[in-house]
Structure formats: structure tokens, C-alpha cells
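# Here you go, sequence then predicted model.
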Amino acid sequence: MSATEPPGASVAPGTAAAFLRLARVKFLFQSMMVTGFGVTLAVHASGDFALSWYLLTLGFAWTTHLMTHFCNEYFDLEADRANPSPTAWTGGSRALVEGLLSPTVSLASAFVTLFTGIALTAAMPTLTTRLLAVALMALAWFYTAPPLRLNYHALGEVTCAAVLYGMGPVLAALLQSGSLSPLLLWCTALVCVLQVLRCLIMNLADIEGDRLVGKNTLASALGPRRLARLYAAGQGSLYTGVLALAAAGELPLVVAVAQLACAPAGLYVLRALRTGAMAERRRADGVTFWASMQLPLTTCGTMVALLADLALRGRPAPGLWVALAAGTTVAFAWWLARTALAARRRAAADALPGEPALAEGRAERA
């Protein structure tokens, strides 16, 4: 379902639209940004850019991201069915829940993308990058798949962060330059912790359905109050770190400013947690939206700031990467504006009297 469709718009069972909804392609913008993030950190350190390795990394990132979606849809089906209040960002695509596709379609698609990822891994140049890619795929697969089912044993939040915002940019950087800079390690740690905090919010939104099926996420283990305290401590520690590193001259000022500019998203989420927003479907959509947006906004802002820092130092990045990074940023900005508009329309529809049931099938799930 696209963001321009009216609330309650239906998707025919077994159609290409149903499959796109199952794939949740809107989230691929995040793995695109993660890839650009890692490449830009490598370019900032080395000054070089290899188009072939960028394309391989992006293909691997999208393939693994899709594999995770298909795998999660299949192995999380019981929890998704038990979830009484999915949001636009949590509770799965609902394509299987609503009977639009057979669960076997999701499982088969997961295996196809897994084998595609393995083929792309074989094309990587070093043993280190191949092992890292294999580890990334394994963690992504067992996030919900048995026997590990990491997200069912309070390990999902950390696993998701390690895969998407930790190993993802590190792999992209290694394929570009073969080495890791101190700046890359800090920036990767920053977005990794932000992703853990974001996953806590996502799982908090699904907590009722998860508990019904015995899915013990970290959010469920903590409970809303301790989760809010952990979220506040995490946000505060990260941005204190940004200030400290900038003051010590270890973080370029323009990069620090870009990262600090994303702090209001976390403050909004924290305030919403403390005012009980997650108990209301309409407000919960907004909380999960901004918790999700803080990550790509931070990666996007950092990427632009790194390129600006190179230019200010008199050694601009290669023109081809500047053009690709600009295209990535524009594409993300378009998606963000489109998604924000869809969220506003859903909120307005939820506010209409006498139509509480509209929320059940409304989310922009493609």
C-alpha cells in the first residue's frame, strides 16, 4: 500500500502489490543510507572511491535486508497475529496476517534472497570481508528463525543494531579501503546504540502481542518504565560523547553539529514515553516514526557533514561519490517527506469520530 492511498485501501490477494507489501521495500532506504554512511567514512579516511565495490555492497545490503523481512514475516507470523495494535513501523506488513499471500511465499523468498546474498559474498575480495558478510547474514537470519530466535530471547535489539548499523557500515568501509579509522569506529558506535534504543521502542509497540505468544524481547523484559529510563540514559550518554569528542578535537566540528541536530527526535520520543503516548494508537504511530527517523537522519546528516569537512580541508571527495551521495540524500529526503505526509494523514483519519477500526489495516506497509 502506498502512502498516497486512502485509509483502508485494500490490496488484492496474491498480487504483485501484495508481494511488495510483504517485502516492506520502504525500509530499504535505511540500508541504502547505511551503505552510503560506511562508504563516506572510508572516503573521508582514504580519499578514494571504488564504484564496483559500492554497487556490490549496496546489492548485498538490499538482498540481506529483504531476506530479513521475508524471514521475519514467516517466523513472526504467530506474534503478528496476536498483535492487537500494529503501527506503520511495527507488527509486520500484515500481508500474511490478512491472508494476502501464503506463508510459504515468504519462506521461499527468504531462501532465494539468502542464496543471492551468499553468491554476492563469494565475490568479495578478502577473507575478512567474506567472514563478516557471512556473520551478518547468519545473525539476520536467526533474528527470528529457529533454533536461536534471538529476538525471542531478549537479544533481538542488540542483534539488529549489530547487523544493520554496526557490521553494515564496517563491511562497506572495508570493501572500499580495507581499513577502519577511529572516526568510523565512533560514528558506527553512535548509530549502533541509537539503533538499540530505536529497537526498544519498536518492540515496546508490539509488547502486548509478543507477550501473548511468549516472545521475550528486551523491551518486554525491561517493561515500559525501565525502558524509558534506559532510553533517556542512552540518548544522554551519546550526545555527551559527541560534545566531548568535538571539544577534544577528535570529531570534526561540522560532523558534531550534524549529529547534535538529530537530538530533538530522541527528545520527542522520550517526552512521549513519559506522557503515556505508547498506550494510544494514534500517538504511538508518531513515537515509532520519530524513533525510526532518528537513525537515518543521523546517518544522512553525518554523511553530508563528512563530505563538507573534506571540502573545508581542501581535499574534496571524488566527484562520482559526491554525486552518488547527493542522489542518496535526495532520495532519502523524498522518502522522508512522503512518509511524514502519510503519517499525518493516518493521524487525521484516526482522529475522525466513529471510525476507530480504520487503524487496523491502514499503515503504509509497502
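Perfect, thanks for sending it.

# Can you list the low-confidence ranges for the stretch 1-150 of the chain?
By pLDDT under 70, the weakly predicted segments of the stretch 1-150 of the chain are 1-10, 87-89.

# Where do the helices of it begin and end?
Ranges of helices in the stretch 1-150 of the chain, per DSSP state H, counting those that start in this stretch, are 16-23, 28-46, 51-75, 77-82, 103-122, 127-141.

# Of all these, which one comes closest to residue 92?
Closest approach to residue 92 among the helices of the stretch 1-150 of the chain (Cβ to Cβ): helix 77-82, 4.2 Å. C-betas here are computed from N, CA, C, even on glycine.

# still on that earlier bit, tabulate the helices of the stretch 1-150 of the chain in TSV, adding columns for mean neighbour count and distance to residue 287.
Listed next are these as TSV, based on neighbours: other Cβ atoms under 10 Å; distance: least, Cβ to Cβ, whole Å:
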stretch	mean neighbour count	distance to residue 287
helix 16-23	20	23
helix 28-46	25	18
helix 51-75	21	21
helix 77-82	18	20
helix 103-122	17	27
helix 127-141	18	25
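
# can these go into CSV with extra columns for distance to residue 249?
Below are the helices of the stretch 1-150 of the chain laid out as CSV (distance: least, Cβ to Cβ, whole Å):
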stretch, distance to residue 249
helix 16-23, 44
helix 28-46, 16
helix 51-75, 30
helix 77-82, 47
helix 103-122, 38
helix 127-141, 30
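
# Of those, which is nearest residue 339?
Among these, helix 28-46 sits nearest to residue 339 (Cβ to Cβ), with 8.9 Å.

# Just want the angle from that closest one to helix 51-75.
Interaxial angle, helix 28-46 versus helix 51-75 (axes from the mean of the first three to the mean of the last three Cα atoms, to 10 degrees): 150 degrees.

# nearest to residue 201, of the helices of the stretch 1-150 of the chain?
When the helices of the stretch 1-150 of the chain are compared by Cβ to Cβ, helix 28-46 sits nearest residue 201, at 14.9 Å.

# dump the residue contacts of residue 79.
206, 209, 210, 212, 213, 215 (Cβ atoms under 8 Å, 6 or more residues apart in numbering).
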